[in-house]
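Participant: Everything below, folded, please.
(chains A and B)
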2 protein chains.
Amino acid sequence: MKNLIIKLRVILAIISITVFLISCTGSRSVPSNVITLAEQGSFAVGGTVISSSGTFDPIQDGAFNPTNQNTSGQTLHGDHASVFYQIPAEPRKLPLVFWHGYGQSMRTWQTTPDGREGFQSIFLRKDFPVYLIDQPRRGLSGRSTEPISISASTDDQLWFGIFRLGLGNDFYPGVQFSKDPEALNQFFRQMTPDTGPLSIEINIKAVSALFDKIGPSILVTHSHSGGQGWLTALKNNNIKAIVSYEPGSNFVFPENEVPAPMQYLGGELKARGVPISEFKRLTEIPIIIYYGDYIPEEPVVNPGKEQWRVALSMAKKWRDIVNKYGGDVTLVPLPEAGLKGNTHFPMSDLNNKKVADLMYNWLKEKGLTKKEKK
Amino acid sequence: MKNLIIKLRVILAIISITVFLISCTGSRSVPSNVITLAEQGSFAVGGTVISSSGTFDPIQDGAFNPTNQNTSGQTLHGDHASVFYQIPAEPRKLPLVFWHGYGQSMRTWQTTPDGREGFQSIFLRKDFPVYLIDQPRRGLSGRSTEPISISASTDDQLWFGIFRLGLGNDFYPGVQFSKDPEALNQFFRQMTPDTGPLSIEINIKAVSALFDKIGPSILVTHSHSGGQGWLTALKNNNIKAIVSYEPGSNFVFPENEVPAPMQYLGGELKARGVPISEFKRLTEIPIIIYYGDYIPEEPVVNPGKEQWRVALSMAKKWRDIVNKYGGDVTLVPLPEAGLKGNTHFPMSDLNNKKVADLMYNWLKEKGLTKKEKK
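Facilitator: Numbers count the residues shown, from 1 in each chain, chains lettered A, B, ... in the order given. Just a heads-up that it's a prediction; the model follows:
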């Protein structure tokens, strides 16, 4: 009995010492549902500098004059991308670089319109370093080397249609979007205008500079950044894979095999041609493309659906030609994978965790989820 | 000897079991220098909705037409603030709400120009929930209900002076700013333009809506948001304290005690008047104001310094009158606290950790650092 008490005391002492040692030697215990970050921060990347002729006189012209500022002899730094990044405590080797679509910003990936976690946090929890881009002349990358006028045009319902939430003001039946009016309010407020003329060349240059800076990584694109993503991959070998949600334009083909433009209600979708030697770069990396629901196979009298009918059709041609030259492109219409009701924003739809799981499983299958060696 | 071996085996077993239990029961051990988050995300807050007359025809006008879009019968959601927030695993009770200054965005608080941690991460590590604002018509809050033209004016050297890095292109001696050219490149690229006419009323409304949403919190302002911060506190009782770095304008006085406008090289600083009954709200919360270095007491022939000479002078008058009515305003010129060489951006200067320590110590002294009860 006495022996038992002594043993218990010894056990207690050892537990105390162990806990004490763990807490004192540079580590601590946290709940397992906590996001852990080794570091986070932001930076600008790429861009240019322009100058005005003349001489800057910091005494004469050094006070802020909103109506008559003399800008002679000064510079302007603009056309960069802005990036917010987070590195988990035990990171996987290849970071995910998230690039938004038209009219959007890094907010696309941060949260869902109904307030749940976006891909930023979902993939952080899966231990991926994440980099969120605001492309040049958008959002936090506001400084442009060219001027622009921004109209305050009422166009919410236009985007409601093109982003396939529904038609007019009516949601599509079964759509994966919360019917709480606050969700739609948040969704509309994600939109943010160009603060300079939109330039694909400038965007590609800045995003390519990001991959130069951070090294081998996986690019995740959405909509308008889809095509820009193929073009950036042509330039930059640090793009080791691409996940593309609903790419909409700028599909790149070998210059002798560019398909005819595709007509749709309200527009035309053209493909781009590049020399076959350049094109072949796209066969060197695994690529997956996802499209959501409500995309018809045949023409319909609904411009919001029509645009994506031809995009999906073009994407299939593109998959086939990249694969013909030895590439590894997978195209997944989400309904065929059992996910119904997705809009143009699968990454923030109600079922976005399932959408993320599909993406994660593909990354794993392609050997892209390895951890850093310690 | 045999006994000793048995004891050692028992000890080893107990250590193993302890470690196993810690790792299996919903918790894990992480290095102590890791940032831990219970959650993070973003949202829009405040703002308005405008509508165009007429009817929207989603078939006729539902395709994107960049040169001739019919906007009849559609809405525009604009004039909101955008907020990125992070909640630590073991949060203090009162969050910190960070509001940028003129020409800036939430990037002010994310990182320093030389790539070290900004106040966002520094205070997360001190277990404060953090909320970073992009005010309406700035950065991620790009949608405005009024149009604007954005010039691509060269004005880097103007801001170099006004932000007190130096004069012309020459740094002030001893300035707390990295001489690595990349740091200045990053600093200039933090600037981002207004995407609609700047409106203090709209800004205050949106930020006040944020405090309505998140409850009692501490407001941290910089420069142009300083004065807007006093005005927001007049409206919103959820602002429980204010930390203001270099407030520059919109100092609020009792309407019968408004000081005369102050002249400086290149401009004039006016104060605002409000009824004494409103003014007294400012006496109910602890407030601290910090100014950096290179601010003269007497007029000098340097507009970049002059603007802050009168701001500091006005701030002293303001401190005195709030305290006369029973308030608790502290004003700290950083050189008097032993911190030399600070620019207009103490939160991202080379000594920003010391600047953060001063702020933390003040919060603690005022009883504002309590933890949530479990």
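
Participant: CA only for contacts and neighbour counts going forward, please
Facilitator: Fine.

Participant: Check whether A:Ser72 really touches A:Ser53, as I assumed.
Facilitator: Yes: look at A:Ser72 against A:Ser53 with Cα atoms under 8 Å: they come within range, at 5.8 Å.

Participant: between the two, which one's more packed in?
Facilitator: Counted by other Cα atoms under 10 Å in any protein chain shown, A:Ser72 and A:Ser53 do not tie: A:Ser72 has more neighbours, with 17 against 10.

Participant: Where does the more buried one fall, secondary structure wise?
Facilitator: Assessed by DSSP states H and E, A:Ser72 sits outside every helix and strand.

Participant: Go through stretch A:359-374 and flag the buried ones.
Facilitator: A:Met359, A:Tyr360, A:Trp362, A:Leu363, A:Leu368, A:Thr369 (16 or more other Cα atoms under 10 Å in any protein chain shown).

Participant: so can I have JSON lines of the residues you listed showing pLDDT?
Facilitator: Formatted as JSON lines, the buried residues of stretch A:359-374 follow (pLDDT from 0 to 100):
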{"residue": "A:Met359", "pLDDT": "98"}
{"residue": "A:Tyr360", "pLDDT": "98"}
{"residue": "A:Trp362", "pLDDT": "98"}
{"residue": "A:Leu363", "pLDDT": "98"}
{"residue": "A:Leu368", "pLDDT": "98"}
{"residue": "A:Thr369", "pLDDT": "98"}
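
Participant: and those as CSV, adding secondary structure and distance to chain B?
Facilitator: Listed next are the buried residues of stretch A:359-374 as CSV, based on DSSP: H, G, I helix; E, B strand; the rest coil; distance: Cα to the nearest Cα, whole Å:
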residue, secondary structure, distance to chain B
A:Met359, helix, 21
A:Tyr360, helix, 21
A:Trp362, helix, 25
A:Leu363, helix, 24
A:Leu368, coil, 24
A:Thr369, coil, 21
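
Participant: Need those in CSV (columns: distance to B:Asn169).
Facilitator: Output for the buried residues of stretch A:359-374, formatted as CSV (distance: Cα to Cα, whole Å):
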residue, distance to B:Asn169
A:Met359, 49
A:Tyr360, 49
A:Trp362, 51
A:Leu363, 48
A:Leu368, 46
A:Thr369, 47
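
Participant: sec struct for A:Asp293, please.
Facilitator: State at A:Asp293, reduced to three classes by DSSP: H, G, I helix; E, B strand; the rest coil: coil.

Participant: ok, it - contacts?
Facilitator: Contact partners of A:Asp293, counting by Cα atoms under 8 Å, 6 or more residues apart in numbering or on different chains, are A:Pro333, A:Leu334, A:Pro335, A:Lys340, A:Gly341, A:Asn342, A:Thr343.

Participant: Which members of the residues you listed occur in strands, if any?
Facilitator: Counting by DSSP state E, these place A:Pro333 in strands.

Participant: If any of the contacts of A:Asp293 are buried, give me the PyMOL selection for them.
Facilitator: Buried members of the contacts of A:Asp293, defined by 16+ other Cα under 10 Å, are picked up in PyMOL with:
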select buried, chain A and resi 333+334+335+340+341+342+343
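
Participant: which one of the contacts of A:Asp293 is nearest chain B?
Facilitator: A:Thr343 (16.0 Å; Cα to the nearest Cα).

Participant: which non-adjacent residue is nearest that closest one?
Facilitator: A:Arg164 (5.1 Å; Cα to Cα, 6 or more residues apart in numbering or on different chains).

Participant: Wait, a helix at the one you found?
Facilitator: No: according to three-state DSSP, the state of A:Arg164 is coil, so it is not within a helix.

Participant: From what I see, it and A:Tyr294 are in contact.
Facilitator: Yes: counting by Cα under 8 Å, A:Tyr294 is a contact partner of A:Arg164 at 7.3 Å.

Participant: Next, show the common contact partners of the two.
Facilitator: Joint contacts of A:Arg164 and A:Tyr294 (Cα under 8 Å, 6+ apart) are A:Lys305, A:Thr343.

Participant: circling back: sort out for me which of the contacts of A:Asp293 are in helices.
Facilitator: Among those, DSSP state H puts none in helices.

Participant: Could you single out the nearest of the contacts of A:Asp293 to A:Leu234?
Facilitator: A:Pro333 (25.1 Å; Cα to Cα).

Participant: Pull the contacting residues for the closest one.
Facilitator: So A:Pro333 contacts A:Tyr290, A:Tyr291, A:Gly292, A:Asp293 (Cα under 8 Å, 6+ apart).

Participant: Can I get the residues you listed in JSON lines including pLDDT and distance to B:Gln40?
Facilitator: Formatted as JSON lines, the contacts of A:Pro333 follow (pLDDT from 0 to 100; distance: Cα to Cα, whole Å):
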{"residue": "A:Tyr290", "pLDDT": "99", "distance to B:Gln40": "26"}
{"residue": "A:Tyr291", "pLDDT": "98", "distance to B:Gln40": "27"}
{"residue": "A:Gly292", "pLDDT": "98", "distance to B:Gln40": "26"}
{"residue": "A:Asp293", "pLDDT": "98", "distance to B:Gln40": "29"}
